[in-house]
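Visitor: Return atomic coordinates for the entry below.
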Amino acid sequence: MKTHSFIRLFIVVALLLSGCDVNYDFGKTGATSHVVINALLSPQEDFTVKLNWSSAYAGYDTRFAPVHEAEIRLLEEGAEVVSCAASPDGKTVTQFRATAGKRYRLEVTVPGYGTLTAETDVPAPPTVQMAFRYNKNAYKHYEIKALECTAGTQAVWLDAIGIYRRPVYVYDEFGHWTGEIIEDEGEESEQEIYGFYTTSPFVDQVNGANDAYEASDKEATVEFEQFLRLPREDCAPALPLRFSLWSSCRRTRFRIVTASAAYDRYMRSLYKQRINTEESADKNPFAEQVTVYTNIGNGLGIFAGCNTLTLEIADR
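Guide: Prediction:
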């Protein structure tokens with residue numbers, strides 16, 4: 001009896017399964033490639049367009065191929081200012097430089113793919129009054145007394161590079177060192193600066209972290225790695241903005257950047273993505289997953305405008 005019951009059950013299951021049409025296709029595993037654009041408009045630099053296909057990852061093999069064929073058009077307030085074929089190596093450098101206060105549209109046509117588009121503004125340069133205040137052990141203290149930017153600015157970014165000259169050792173005619181050292185006469189070098197410190201509540205803490213080490217010397221307990229960011233609406237109430245940085249250099253080259261809305265959003269998301277996916281994530285599988293902002297229609301990447309003021313300040 002048990003045998004007949006099992007046979008009947010088997011027949012019922014077989015009849016049910018025969019009515020199901022299941023087709024699993026495991027061959028379609030490849031990701032769709034998109035065109036990636038990286039293009040920044042600035043009055044300080046020649047307009048450059050980088051075109052690549054989005055990466056495909058297969059183990060340790062990473063493929064990031066340039067787009068070999070494309071047509072590039074740039075329109076300023078609706079009038080064409082750039083029209084050229086893209087360089088086969090994926091990096092096209094033009095001789096065009098943007099004008100502050102203008103609206104731009106980028107159009108890139110890739111055969112067999114389509115047309116990618118994006119628009120951006122270019123803000124005016126900032127007006128800045130900055131001065132060195134004093135040294136306190138290894139920390140240099142500065143003050144921004146005035147900072148003005150136009151309505152087209154989303155935020156102001158400030159970073160710095162330390163500048164120093166290697167000392168020159170004086171030798172006699174026989175090649176022996178005389179004991180004399182001439183400071184600031186040798187080859188000029190640059191030193192990256194990774195720490196900014198301020199007590200201002202108006203500085204955006206997109207990259208801020210508590211750090212009370214030597215707080216009395218840097219006069220702050222919050223470290224801002226690599227840059228300070230001021231939203232436009234906070235620029236006026238932040239003044240005078242006092243901050244310090246750690247550097248052994250005697251001169252510092254500051255970059256004060258006024259960012260368009262697209263550039264500001266891209267840079268903030270890019271920084272967050274980096275600190276959540278590289279060594280800073282400390283192999284944490286639950287680290288926040290951040291998508292980098294893109295404003296490219298029919299593709300990926302960024303087309304944005306900014307304006308940069310460079311100031312070089314000595315500490316004496």
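Visitor: burial count for Ile313?
Guide: Neighbour count for Ile313, taken as other CB atoms under 10 Å: 15. Bear in mind the C-beta positions are built from the backbone N, C-alpha and C, glycine included.
Visitor: Just want the most central residue of the chain.
Guide: Geometric centre of the chain, nearest residue: Met267, 4.4 Å, by CA atoms, centre = their mean.
Visitor: my guess is that one contacts Ala261, does it?
Guide: No: in this structure Met267 lies outside contact range of Ala261 using CB atoms under 8 Å: 11.2 Å.
Visitor: The stretch 101-250 of the chain: strands as residue ranges?
Guide: With strands called from DSSP state E, counting those that start in this stretch, the stretch 101-250 of the chain shows them at 103-110, 114-121, 127-136, 139-148, 155-165, 168-171, 177-182, 188-192, 195-198, 208-210, 222-225, 228-231, 241-246.
Visitor: Mind putting the ones you listed into TSV with distance to Ile37 and mean neighbour count?
Guide: Output for those, formatted as TSV (distance: least, CB to CB, whole Å; neighbours: other CB atoms under 10 Å):
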stretch	distance to Ile37	mean neighbour count
strand 103-110	6	20
strand 114-121	6	19
strand 127-136	31	14
strand 139-148	32	18
strand 155-165	22	21
strand 168-171	47	12
strand 177-182	49	10
strand 188-192	28	11
strand 195-198	31	22
strand 208-210	31	11
strand 222-225	28	20
strand 228-231	24	22
strand 241-246	34	22
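Visitor: Can you lay out those as JSON lines showing mean pLDDT?
Guide: Output for the strands of the stretch 101-250 of the chain, formatted as JSON lines (pLDDT from 0 to 100):
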{"stretch": "strand 103-110", "mean pLDDT": "98"}
{"stretch": "strand 114-121", "mean pLDDT": "97"}
{"stretch": "strand 127-136", "mean pLDDT": "95"}
{"stretch": "strand 139-148", "mean pLDDT": "96"}
{"stretch": "strand 155-165", "mean pLDDT": "91"}
{"stretch": "strand 168-171", "mean pLDDT": "78"}
{"stretch": "strand 177-182", "mean pLDDT": "75"}
{"stretch": "strand 188-192", "mean pLDDT": "83"}
{"stretch": "strand 195-198", "mean pLDDT": "94"}
{"stretch": "strand 208-210", "mean pLDDT": "90"}
{"stretch": "strand 222-225", "mean pLDDT": "92"}
{"stretch": "strand 228-231", "mean pLDDT": "96"}
{"stretch": "strand 241-246", "mean pLDDT": "95"}
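Visitor: how about a markdown table for those strands, with distance to Glu76 added?
Guide: Listed next are the strands of the stretch 101-250 of the chain as a markdown table, based on distance: least, CB to CB, whole Å:
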| stretch | distance to Glu76 |
| --- | --- |
| strand 103-110 | 6 |
| strand 114-121 | 11 |
| strand 127-136 | 24 |
| strand 139-148 | 25 |
| strand 155-165 | 24 |
| strand 168-171 | 49 |
| strand 177-182 | 50 |
| strand 188-192 | 34 |
| strand 195-198 | 35 |
| strand 208-210 | 37 |
| strand 222-225 | 35 |
| strand 228-231 | 28 |
| strand 241-246 | 34 |
